[in-house]
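# Next input, structure requested:
(2 chains)
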Amino acid sequence: MPADGKITPSTLSVKDLPWQIFWDKDKCTLCGKCTAVCPVSAIELGVFRKRIVEPALGIAEKPRHDYRIYYGIRQRTDPAYRCVGCAMCTMVCPNDAIMPQRSDEANKLVFHMDRGGQPRRRGGRRNVGGTILDRIKFIRISMLTDPALDAGRHEFELRTLLGRVLPPEDNLAFLSSNGWIPPVREIYPLVIGGMSFGALSPNMWEGLQMGVAYLNDELGMPVRICTGEGGCPPRLLRSRFLKNVILQIASGYFGWDEIIHAIPEMKEDPCAIEIKYGQGAKPGDGGLLMWYKVNELIAAIRGVPPGVSLPSPPTHQTKYSIEESVAKMIQSMYMAWDFRVPVFPKISATSTTLAVLNNLVRNPYAAGLAIDGEDGGTGAAYNVSMDHMGHPIASSLRDAYLNLVTVGRQNEIPLIAGGGVGKSGNLAANAAALIMLGASAVQTGKYIMQAAAGCLGSESDRCNICNIGQCPKGITSQDPRLYRRLDVEDVAQRVVDVFLTFDTELKKIIAPLGRSTSLPIGMADALGIDDSNAARRLKIKYVV
Amino acid sequence: MSDNLHRTISGRENGTRIESRVLEERIQRAVADGCRRLEVEAFGQHGIGGRLWRAGDDPVHVRITGHAGQRVGAMGYANTTIEVLGPSSDDVGWLNAGARIVVHGNASNGVGNAMAQGKIYVAGNIGARGMTMTKQNPRFAPPELWVLGSVGDYFGEFMAGGVAVVCGVEAQDPENVLGYRPLVGMVGGRVFFRGPIKGFSQADARLVPIEDADFAWLVENLEAFLTAINRPDLLQDLSRRDQWQLLRARTAQEKRGRQLMSMADFKVRSWEAELGRGGLIGDLTNLDRSPIGLIVSGDLRRYVPVWENRKYLAPCEATCPTGIPVQQRWQLVRDGRVDEAVDLALAYTPFPATVCGYLCPGPCMQACTRQQSIMAPVDVRQLGRASLAAGLPDLPEPSGRKVAVIGGGPAGLSVAWQLRMRGHEATVYDLSGTLGGKIASVIPSSRIPEEVVSAELQRVREVIPHIHLQQKLRRADLAQLREDYDFVVIATGASKPRMLDVPGRERLITASDFLADAKAGRARVGERVVIIGAGNVGCDVATEAARLGARSLLLIDVQEPASFGAERRAAEAAGARFRWPCFTREITEEGVVLADGERIPADTVVISIGDVPDLDFLPETVAAERGFVTVNEFGQTSDPKIFAIGDIVRPGLLTDAIGAGRRAAEAIADMLDGKRPSANLQQVIDTRRVKLEYFDPRLTDFEDLDHCGSQCSSCGSCRDCGVCATICPQAAIERIEPDDGEFEYVVDADKCIACGFCAGACPCGIWNLVENDPLV
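The predicted structure is shown next:
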């Protein structure tokens, strides 16, 4: 309530807000930690005047009244200071006296988050819970028909191929005619998807890289991680860890001059080059790194001056047709490493996925196709893009795979699926479902943020403030005051935990299917779903 | 050989192999019949020799010739000894519960699978998955598997108890006597082996030294094994302790600690060893990136509290056209320095009692933050009236710089007063015979006691010695003054009444004439008075007319009357009526004729539709627009040496005129000092920072100055209440008194966690929580 009692159309009460702070006066010790930690200053100390009126029994005397003043925690209702539900207040409260709760009332704030005519922007992903991947079951259990395998004790070959696998006759022809065949990598099928240095804090980025390095060096798991668009620290470019890295090039080309400068000094080739044409979270939209996140460090890595906003255009500017996009970019990127490094494009899942795929199939240099579904995450995008733009990954991937089957090339051009993998926490099950629908590998980002760094975001529009640099966990902030909350080693360890768990769970899924010698890519006869329309669409079994 | 104790049972009858079920029936019947030594000619039948419980505790010996089928001795009992004279098929001793089984050849896959008790001796090699899922039941001795040669792949999977001994004699795979991936999932038991191996499940088992007792047990039982398989000759060779190794299952506790490098070690040995000190970006930044907690102090705070005392204007101060810092005066009252509070007014106005105490409508009180909660504003009038006794400050020595002020009304006296306060000499010229302009001449005495005005005018005379009354100035005179003085300030007001251009206008009495005459005791009114123009001056006319005996008072206006406040209330109390819209067509002897022909009878008609300035005496260099002089923000006209203030610029309140005088004087003083005049850029405080919750909302009357002072929330100026220091959960706020006699609240950054409680609790809105300077 404004002090002068006047309201504007955007004056809201606590009741109108989606996240409401519940504060317990009796428990509160007024320690100040909740207001100190709140990332968006949604709570403040309030001065309250309490009136006590005490009429005498039988109204025998004149009623007495008195005022008491007390202090408490008050929620601000100005949309600019809305509670985002992160519950950091709850985390620091020594007395469990405070907690945000989701309102039981329809969200009124949503109508007032565009003040100044600026549509809402946020981080996170599509604010709709669940995914059809969660509903896919693995129904083909090896009961006596095949030797059942023990996930814990059998040996499994889970590695997948990234790169163009030409038919033997083509390979031989290539080899004899020009002494070259497309490079192919054996990698772990779960790839950490592109999250840029800039979108992520230095500690988060380094933690992910260190965890991946550990998985490779200490556990022999060839896990790969994509840089996202924002360059790559010079030291990493010149280290042996570069083999773990998929370098992304996108429409802003940020950091690429630094990468080019580093090529002569590289000890290792990068795993691959991902050309980002689109992103599932915000199809048709580019990066939105705001100036306040572009400090000297980010600027150095991206090769720009500090303090400038770094939007990436929605499209690559010099590519005017699908043929050009594919042929020109793939050729250029191959040349940079003397044709030793696989190059593949990443697109938003779309009803036109097949057009891209068909083009790639004709191009023997295309090392794969990454398809990113509507549930992909992002550090910053327009809310409308996140919530309403995009195509679910399941059917887009399935169409692509079955199309390859039709032309007999399903084992030649790997499909990499992403976008909401592990959205509800079912990382291995979602990944296995996509693999059996036809993915050679899956990419995941937000699951890693949640599991490896404790990201609080959720589809109930909790937190989702990655874009403003105030991440309460320090994951997406460039402010040392915030990102130092994140311990690099802890993140690395959690990455290791996540992959070890994933590894066991994936085996728990594929072992009962009787598979251990290769990833069950496209093994859709093992899949069922309790929705006949979905079953028909995905060409899997309908089971109830 | 077929007596009661001995029986030979063939697996074939009439040249045909009998079913396993039938053979089993015959074996069981033989045992039930008392037979204790059986010879079975096997033809691949299943499970021979198991389950012979019908013999009770009597030992039963089963010799198997021919082709033993799968699961020889399955579910064997402790009373049973089985000898297979040749090789054996899969799962020898499956689920063995105590039988001693000797295989005099090789055994294929699954030897001892799920065995819980008993012993299996194999005189050759065995196939895959031997000794898997074996148990040890604490009620019985552990099961044993003895293999003379080597074992196949996946040996000991899920092994949960028992002892396996692999002698490695004439091993099928001399390079690896334990096969591929042995002991995966082993949780219990021991494996003695002799010969080379190619690894085992490190996660599940470990090599341990062979203790004396272990070896004694091995040698003792080895002899029994070798005897059973008819190879006692090997005993000496196999008794060489240094050839044996022992594996045992890791305990659950041992398994928990995986033998992996810690991440901290990895960072040092691998990560930074490759990348360099500081890891990934150590070459790009020296920033400390080590972990910190959620609640931090010092430089790590995202916000810092700032004590913004007097950074912002209080609404009262900001609204007062004169610019009196009202809230500071209340602070002085609270501090017990009432005299200073009173005296302070004279630094801003020569008429604190007259104007603040009586005549001002009080914009300061209208703006009082308390009004936002519909609480009674602090009563400034009490302070104003008390200012009658205000003592003059010591006046500075004259600077020798001179300013002519034309007009001795509130604006002129204000500028002259302020100039004198700044050491400059001001000479006031006025047309009339009395000083004070409207204050002295036209404001009804009902609204202010005469002695208040005269006392304050007397004080003015003490400050401004050069006052020339009854000086009619013409254009030439002004030009001369402009030459003689450093500056000229025109403050002649708007004293020329606006008239209606209607027939009979000569019958109209102007409001100013009427009020001046009334005050001087010269005025006469008829019974019926019509006042054209229902503003506040019209109301004053009505009030005075009533005092002088008028019976009927009508104020007419072309629009809804703009009158308000004390004047309006006084007129209404005197019985005045208001009518609008009324357009006057003519004034006649009978009264007022309106445009629509209506005639309003009147004995006296007063015109009160405002006054306009007389600009005739101004030089050409002074620009005017629509009858008023145009000036800049400091009151300077288009002639830089000439200022104009008060109603000659814009009609306004007394306080507007006084304030314009003060601002003009400041600008002139600055310019006399050779400086550019500076405007006050202070902003008014955001009143949401002020906490009215500390005050009684039911208060309607203020008893005295002290009471007023106590209820002022002192917007933007620290009350020195100490609430901030008390509420601070970290005890980070301290009150200090630097040498200048002032006080200050300061924050210890090392204690402060930037909770903002100080800002949240401060009644005056002094504390602010601002973003800390970026670290990068």
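# Please state the offset of stretch B:388-404 from the chain centre?
51 Å (CA atoms, centre = their mean, to the nearest Å).
# Could you list every helix and strand that the helix or strand hosting residue A:236 packs against?
Assigned by DSSP states H and E, residue A:236 belongs to helix A:234-237. Other elements packing on helix A:234-237 under the criterion 3 or more CB pairs under 8 Å, 6 or more residues apart in numbering or on different chains; DSSP states H and E are helix A:256-262. All C-beta spots, glycine's among them, are computed from the backbone N, C-alpha and C.
# picking that back up, mind listing residues that contact the helix holding residue A:236?
By CB atoms under 8 Å, 6 or more residues apart in numbering or on different chains, the surrounding residues in contact with helix A:234-237 are A:209, A:242, A:245, A:258-259, A:262, A:265-266, A:301, B:275-276, B:279-284.
# Identify each buried residue in the helix ranked longest in chain B, please.
Ranked by number of residues, the top helix in chain B under DSSP state H is helix B:654-672. Neighbour-count burial for helix B:654-672, counted by 16 or more other CB atoms under 10 Å in any protein chain shown, picks out B:654-669, B:671-672.
# what does stretch B:33-41 give?
Applying 16+ other CB under 10 Å to stretch B:33-41 flags B:35-41 as buried.
# Could you list which residues are in contact with residue B:150?
Contacts of residue B:150 by CB under 8 Å, 6+ apart are B:125-126, B:166, B:168, B:171-174, B:176-179, B:195.
# er, residue A:291 I mean
A:307-310 are the contacts of residue A:291 under CB under 8 Å, 6+ apart.
# could you dump the contacts of residue B:150 to a markdown table with neighbour count?
Shown next, in a markdown table, are the contacts of residue B:150 (neighbours: other CB atoms under 10 Å in any protein chain shown):
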| residue | neighbour count |
| --- | --- |
| B:125 | 26 |
| B:126 | 31 |
| B:166 | 32 |
| B:168 | 24 |
| B:171 | 22 |
| B:172 | 16 |
| B:173 | 20 |
| B:174 | 12 |
| B:176 | 19 |
| B:177 | 25 |
| B:178 | 29 |
| B:179 | 25 |
| B:195 | 20 |
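# which of these lies closest to chain A?
residue B:179 (14.0 Å; CB to the nearest CB).
# before we move on, back to that, just checking, which helix or strand succeeds the helix holding residue A:236 along the chain?
Downstream of helix A:234-237 (by DSSP H and E), the next one is strand A:245-249.
# Ranking helices and strands of chain B by mean pLDDT, which lands last?
helix B:252-256 (a mean of 77; mean pLDDT, DSSP states H and E).
# For residue A:488, which non-adjacent residue is closest in space?
residue A:207 (4.6 Å; CB to CB, 6 or more residues apart in numbering or on different chains).
# Now name the helix or strand holding that neighbour.
Residue-wise, residue A:207 maps onto helix A:202-219 under DSSP H and E.
# for that helix, which positions count as buried?
A:202-217.
# closest to chain B among those?
Distances from chain B to the buried residues of helix A:202-219, taken by CB to the nearest CB, are shortest for residue A:206, at 4.3 Å.
# Can you give me every residue that contacts the closest residue to that closest one other than its chain neighbours?
Spatial nearest neighbour of residue A:206, excluding adjacent residues (CB to CB, 6+ apart): residue B:280 at 4.3 Å. Residues near residue B:280 by CB under 8 Å, 6+ apart: A:202, A:205-206, A:209-210, A:233, A:235-236.
# now do residue B:411
When contacts are counted by CB under 8 Å, 6+ apart, residue B:411 touches B:437, B:491, B:493, B:645-647, B:657-658, B:660-661.
# Repeat the analysis, applying 10 Å as the threshold.
Residues near residue B:411 by CB atoms under 10 Å, 6 or more residues apart in numbering or on different chains: B:405, B:437, B:489-493, B:635, B:644-649, B:652, B:654, B:656-662, B:664.
# Per-residue pLDDT of it, please?
As predicted, residue B:411 sits at a pLDDT of 95.
# Spatially, what comes nearest to it if we skip its sequence neighbours?
residue B:646 (2.9 Å).
# Quick check: the one you found touching residue B:654?
Yes: using CB atoms under 10 Å, residue B:646 makes contact with residue B:654 at a distance of 9.4 Å.
# overlap in contacts of the two?
Jointly contacting residue B:646 and residue B:654 under the rule CB under 10 Å, 6+ apart are B:409-411, B:414, B:437-438.
# Just the ones in strands from those, please.
In strands, defined here by DSSP state E, there are no members of those.
# May I ask which two of those residues are separated the most?
Greatest spatial distance in the shared contacts of residue B:646 and residue B:654: B:414 and B:438, 13.0 Å, computed using CB to CB.
# All the strands of the stretch 251-400 of chain A, residue numbers only.
For the stretch 251-400 of chain A, the strands defined by DSSP state E, counting those that start in this stretch occupy A:272-276, A:288-289, A:310-311, A:343-348, A:369-372, A:378-382.
# pretty sure residue A:62 contacts residue A:56?
Yes: under the criterion of CB under 10 Å, residue A:62 makes contact with residue A:56 at 7.9 Å.
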